[in-house]
Each structure stands twice: as structure tokens, then as C-alpha cells.
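Enquirer: Quick one, fold the following:
(one chain, ligands or ions: 2)
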Amino acid sequence: MSATAFRSIFFNRPRSSNKDLIKPQNVKLSPIKCSIKSSQNNVRVGVLGASGYTGSEILRLLANHPQFGVALMTADRKAGQAISSVFPHLGTQDLPDLIAIKDANFSDVDAVFCCLPHGTTQEIIKGLPKHLKIVDLSADFRLRDVSEYEEWYGQPHRAPDLQKEAIYGLTEVLREEIKNARLVANPGCYPTSIQLPLVPLIKANLIQTTNIIVDAKSGVSGAGRSAKENLLFTEVTEGMSSYGVTRHRHAPEIEQGLADAAGSKVTISFTPHLIPMSRGMQSTIYVEMAPGVRIDDLRHQLQLSYEDEEFVVLLENGVIPRTHSVKGSNYCLFNVFPDRIPGRAIIISVIDNLVKGASGQALQNLNLIMGFPENLGLQYLPLFP
Ligand SMILES: NC(=O)C1=CN([C@@H]2O[C@H](COP(=O)(O)OP(=O)(O)OC[C@H]3O[C@@H](n4cnc5c(N)ncnc54)[C@H](OP(=O)(O)O)[C@@H]3O)[C@@H](O)[C@H]2O)C=CC1
Ligand SMILES: CC(=O)N[C@@H](CCC(=O)OP(=O)(O)O)C(=O)O
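Expert: Ligands and ions are numbered 1, 2, ... in the order given. Below is the predicted model:
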């Protein structure tokens, strides 16, 4: 890709239908607002699970957010500690100490990012005051069908009423609904990388919904920070392993989104893999085109669907998306290639699992709920290589 093309992708993309997005040169980065003493104009934000990977990623992004100030941060085992002892890279910021959720006072808080393990989250959100806007990064409110949740997550749903209220937070697809939400169920990382390219193609009837195969790879931070044997350095380094074969819990989440786009049931083959890198995710998607459809039709539709979007980018013809090209950023880059088998196409989609796959999209969603430009705090270029 030429330097000019690269610049045009990242800086000069037209935003005709998305006028509230501000251009990079107009972002005013005021001094760090990460203080419990946020000024009255600021939105006071709580981060539940701030001692984990997605919680710390929210804090990193908020350091450059001119409107959101951090009012409280919670942890479980690390409650009572200063953030500088848990995450030295955040120690330069004026942040409150980590406290247990039971000790948190939410009366002075406007919104929370809930960065807790699934299963524990439903009870906790059920107990939160109703004035709070909530973006939940866990899987607890993503599946509309409670019995499907119970089947895939192996436990009863503890807040079915709240489930009815939750809006799925795939920003570019459900922007208008998210704006009015009180509780957003932020999508999983694999579902984000897979649905973003597939939804417009399915909506436009350009691909068959009966034969979608997804082969996906994730960096190890996708599994969170708590110790697990299969995540030891010795287990992960210099190798690659599949997991969740035929039964990964993201399959029903992806199928739910694709079925919404298709207007009928969709079933996919989905196999995730763990690869030895800290962050990043690639989904390679094999699809069959509808009769008479050509690869250029897929490109045209994706170009059309995302030309006004800042964070979702169809690369130039032939350019291969790489996880290096999204690291640390909120971008989803993808491209579509003709398969050697006539009538089939291969889509490659990359994101940073901790940013567009989690905390970045969560911030995009809270910006929308609070009525701010969607890209506030998110204009980080990828950290290449
Ligand atoms: N990592 C990723 O790429 C993605 C993660 N997600 C989802 O986001 C959520 C957070 O993930 P991640 O940050 O990676 O997880 P981590 O394991 O890194 O962090 C979990 C956080 O939750 C706290 N916690 C754990 N158990 C409890 C409990 N019983 N009560 C209160 N707090 C608790 C931990 O506190 P302490 O450290 O003190 O024990 C920690 O702050 C998960 O639901 C995950 O599935 C979604 C998309 C991508
Ligand atoms: C590498 C790895 O283990 N990744 C996690 C997915 C991370 C994510 O998006 O999970 P949630 O649905 O819990 O939010 C997994 O496969 O379970």
C-alpha cells in the first residue's frame, strides 16, 4: 500500500453520514482527567474490574479522554492496592485506589464499565443503582435467549429482566439503539472481528448463510490476567493450539448477530486458536457467494457500508490485513479475496482484542450513550510493528 493510500485510509476518509465524528486535528486533549475530583462538567466513570486487562485498557484510553473522569475503580483480590502497584504503566495517572465493589459508593458516579468475569457480572449489575449507565464487557447480557445462555455458559441466568433491557454493542451495526441504551452488552472479541465484515454482506444477500467457516486466532490477553495452567509461558510459547472446537461459547453470539442480518437462522463452523502473542486477533472467514455474485460485488458492498466509518476499514485490493496494523488501536481492518475454488471468497479481519474487541468498543459505546463524538479518547494510531 502506498503512503498516500495509507494516509487516505486513516485520515481522509469521508464522514458524510456521520457528521458528529470529529477530525483528528480538532481533538482538544486537555490535561489528564483521571481524577476522583472530576470537574462538574465531566462524566464520572467507574471501572469495575480495573485490575484486569480490559479494565486497565479502559484506563489507558481514558487518559486521553477530555470528558470522562475516573471516580472509582474496583478489584477483587487486589482491592486495597494502588493502581501503581498493580499496573506500573498507569502509575503516572492521578487515579483512585482499587476498592472492593461492596465498598463502592455509586451516588457520585454517572456510568460504569463493567470488566468482570462472566457469571459474576449479572448479580453485580442487578445490585447497581438504576441511575447508572452501564457498558458490560462480559458475555452475561449478549445472548437475548436466556435458555441459550444457560446452555452455553452452563449456569442459570440471574438477571433475565435486565437481559430484556440490554442492547448489543456492535457499534457500527447498532449505533442508533446504543445511543438510547442504559445497559450495553459489549460484544466478544471474536464476534466483533467476524460480524463486522459479514453483516453487510448477509444483509445484501451477497453470500450464502449455510456454509460459513471461521478460523480465528487470538493473542493470550484474550483469556484475561488470572493464572491458568494453559496460559503459562511454557504452554503458549513456540506453539499454537485450537480450543473450544465445535463448542466455543462465541458461536451462538456470532450466529445471533448473523441471523439478525439474514432474517433467518444461521449456523457457522467456528474454531478459535491461541497463538503466542500478547494481543491481537485474526479471523479468516470462508464464504460461498450467492449465485451470480462476484468478488467485486463483495468489495463494493463493504466499501459502501463502511465508507463513513472511522474505525472499520476495507483495505485496498490485494492488501493482507495483519494484527500488527491494528495493535493498540480501535481499528478493524479487513479485506476480501477470491478463493481458488470458483464461487468462494476468503475474508481476513483483524482487530486488537483488547481495544476494538473490548475496551475501545466499550468506550465508543459510552461516548454514544453520553452524547459525545464517538471517537473521543480513541484516536490512537496502531503501534506498528
Ligand atoms: N481480555 C479480552 O480480550 C476480552 C475480555 N472480555 C471480557 O471482559 C471481562 C473482563 O476480562 P479481562 O479484563 O480480560 O479479565 P481479567 O481476568 O484480566 O480481569 C478480571 C477483573 O475482575 C475482577 N474480579 C474477578 N472476580 C471477581 C469477583 N468475583 N468480584 C468482583 N471482581 C472480580 C478482577 O479482580 P482481581 O484482579 O483483583 O482479582 C479483575 O479486576 C470478561 O468477562 C471477559 O470475558 C471481552 C472481550 C475481550
Ligand atoms: C484467548 C481466549 O481465551 N479468549 C477468550 C475470549 C475473550 C472474549 O471476548 O471473551 P468474552 O466472551 O468472555 O468476553 C475465550 O476464548 O474465551
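Enquirer: Can you get me the start-to-end distance on stretch 142-161?
Expert: 13 Å (Cα to Cα, to the nearest Å).
Enquirer: So it, near ligand 1 or not?
Expert: No: on the criterion Cβ under 6 Å from any ligand atom, stretch 142-161 is out of touch with ligand 1, staying 9.8 Å away. Where you see a C-beta, it was placed from the backbone N, CA and C, and this is true even at glycine.
Enquirer: Which residue ranges of the protein form helices?
Expert: Secondary structure of the chain (DSSP state H): helices at 3-10, 53-62, 83-86, 121-126, 146-153, 160-165, 171-179, 189-203, 233-236, 250-262, 295-306, 360-369.
Enquirer: Would you format the ones you listed as CSV with mean pLDDT and mean neighbour count included?
Expert: Formatted as CSV, the helices of the chain follow (pLDDT from 0 to 100; neighbours: other Cβ atoms under 10 Å):
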stretch, mean pLDDT, mean neighbour count
helix 3-10, 37, 12
helix 53-62, 98, 25
helix 83-86, 97, 18
helix 121-126, 96, 19
helix 146-153, 97, 16
helix 160-165, 96, 14
helix 171-179, 98, 18
helix 189-203, 98, 26
helix 233-236, 97, 12
helix 250-262, 98, 21
helix 295-306, 98, 17
helix 360-369, 98, 26
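Enquirer: Now tabulate those in JSON lines and tack on distance to residue 318.
Expert: Shown next, in JSON lines, are the helices of the chain (distance: least, Cβ to Cβ, whole Å):
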{"stretch": "helix 3-10", "distance to residue 318": "11"}
{"stretch": "helix 53-62", "distance to residue 318": "32"}
{"stretch": "helix 83-86", "distance to residue 318": "44"}
{"stretch": "helix 121-126", "distance to residue 318": "42"}
{"stretch": "helix 146-153", "distance to residue 318": "38"}
{"stretch": "helix 160-165", "distance to residue 318": "43"}
{"stretch": "helix 171-179", "distance to residue 318": "24"}
{"stretch": "helix 189-203", "distance to residue 318": "16"}
{"stretch": "helix 233-236", "distance to residue 318": "32"}
{"stretch": "helix 250-262", "distance to residue 318": "27"}
{"stretch": "helix 295-306", "distance to residue 318": "11"}
{"stretch": "helix 360-369", "distance to residue 318": "27"}
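Enquirer: Show me the one of those helices that comes nearest residue 329.
Expert: helix 360-369 (7.6 Å; Cβ to Cβ).
Enquirer: follow-up on the earlier one: tell me which of the helices of the chain sits nearest to residue 339.
Expert: helix 295-306 (9.0 Å).
Enquirer: C-alpha coordinates for that closest one, PDB please?
Expert: What follows is helix 295-306, C-alpha atoms only, in PDB (Å, rounded to 0.1, in the frame of the first residue of the first chain):
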ATOM      1  CA  ILE A 295     -15.800 -10.700  -5.700                       C
ATOM      2  CA  ASP A 296     -16.100  -7.100  -6.800                       C
ATOM      3  CA  ASP A 297     -19.700  -7.100  -5.600                       C
ATOM      4  CA  LEU A 298     -18.500  -8.000  -2.100                       C
ATOM      5  CA  ARG A 299     -15.800  -5.300  -2.200                       C
ATOM      6  CA  HIS A 300     -18.300  -2.800  -3.400                       C
ATOM      7  CA  GLN A 301     -20.800  -3.600  -0.600                       C
ATOM      8  CA  LEU A 302     -18.200  -3.400   2.100                       C
ATOM      9  CA  GLN A 303     -16.800  -0.200   0.700                       C
ATOM     10  CA  LEU A 304     -20.300   1.300   0.700                       C
ATOM     11  CA  SER A 305     -21.200   0.100   4.200                       C
ATOM     12  CA  TYR A 306     -18.100   1.400   5.900                       C
END
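Enquirer: angle of that helix against helix 189-203?
Expert: Relative orientation of helix 295-306 and helix 189-203, computed by axes from the mean of the first three to the mean of the last three Cα atoms, to 10 degrees: 110 degrees.
Enquirer: one step back: dump the helices of the chain to a markdown table, plus distance to ligand 2.
Expert: A markdown table is the format used below for those (distance: least, Cβ to the nearest ligand atom, whole Å):
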| stretch | distance to ligand 2 |
| --- | --- |
| helix 3-10 | 25 |
| helix 53-62 | 8 |
| helix 83-86 | 21 |
| helix 121-126 | 10 |
| helix 146-153 | 10 |
| helix 160-165 | 15 |
| helix 171-179 | 15 |
| helix 189-203 | 4 |
| helix 233-236 | 10 |
| helix 250-262 | 6 |
| helix 295-306 | 22 |
| helix 360-369 | 11 |
